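Peer 1: sequence first, predicted model second:
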Amino acid sequence: MFKNKFNLGMIHFTMAFDSAVYYVGANGRSNFFFL
């Protein structure tokens, strides 16, 4: 049970992180993530 909740949490976090990276990249500041 705990592992399933943890996996869902990680998926949610990964999607949020990908969205943040995409948003920043769309604004032309993506180089900050690849220093």
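Peer 2: That came through fine. Numbers count the residues shown, from 1 in each chain.

Peer 1: residue nearest the centroid of the chain?
Peer 2: Phe17 (1.3 Å; Cα atoms, centre = their mean).

Peer 1: now do the SS call for that residue.
Peer 2: In terms of secondary structure, Phe17 is helix; the call rests on DSSP: H, G, I helix; E, B strand; the rest coil.

Peer 1: read off the pLDDT value for it.
Peer 2: Predicted confidence (pLDDT) at Phe17: the value is 85.

Peer 1: then Arg29?
Peer 2: 59.

Peer 1: got it, and the one 5 residues further on?
Peer 2: We have a pLDDT of 52 for Phe34.

Peer 1: Thr14: how many residues sit nearby?
Peer 2: The number of residues packed near Thr14 is 10, by other Cβ atoms under 10 Å. (C-beta placed from N, C-alpha, C; glycine too.)

Peer 1: equivalent analysis for Gly25, please.
Peer 2: Applying other Cβ under 10 Å, we find 14 residues neighbouring Gly25.

Peer 1: centre of the chain to whatever helix or strand it lives in, how far?
Peer 2: Following DSSP states H and E, one finds Gly25 within helix 2-26. Distance of helix 2-26 from its chain centroid, counting by Cα atoms, centre = their mean, to the nearest Å, is 4 Å.

Peer 1: tell me the helices and strands packed up against that helix.
Peer 2: Contact analysis of helix 2-26 by 3 or more Cβ pairs under 8 Å, 6 or more residues apart in numbering; DSSP states H and E lists no helix or strand as a packing neighbour.

Peer 1: ok, and for it, which residues are buried?
Peer 2: By neighbour count with 16 or more other Cβ atoms under 10 Å, helix 2-26 contains no buried residues.

Peer 1: show me what contacts the residue nearest to the centre of the chain?
Peer 2: Residues near Phe17 by Cβ atoms under 8 Å, 6 or more residues apart in numbering: none.
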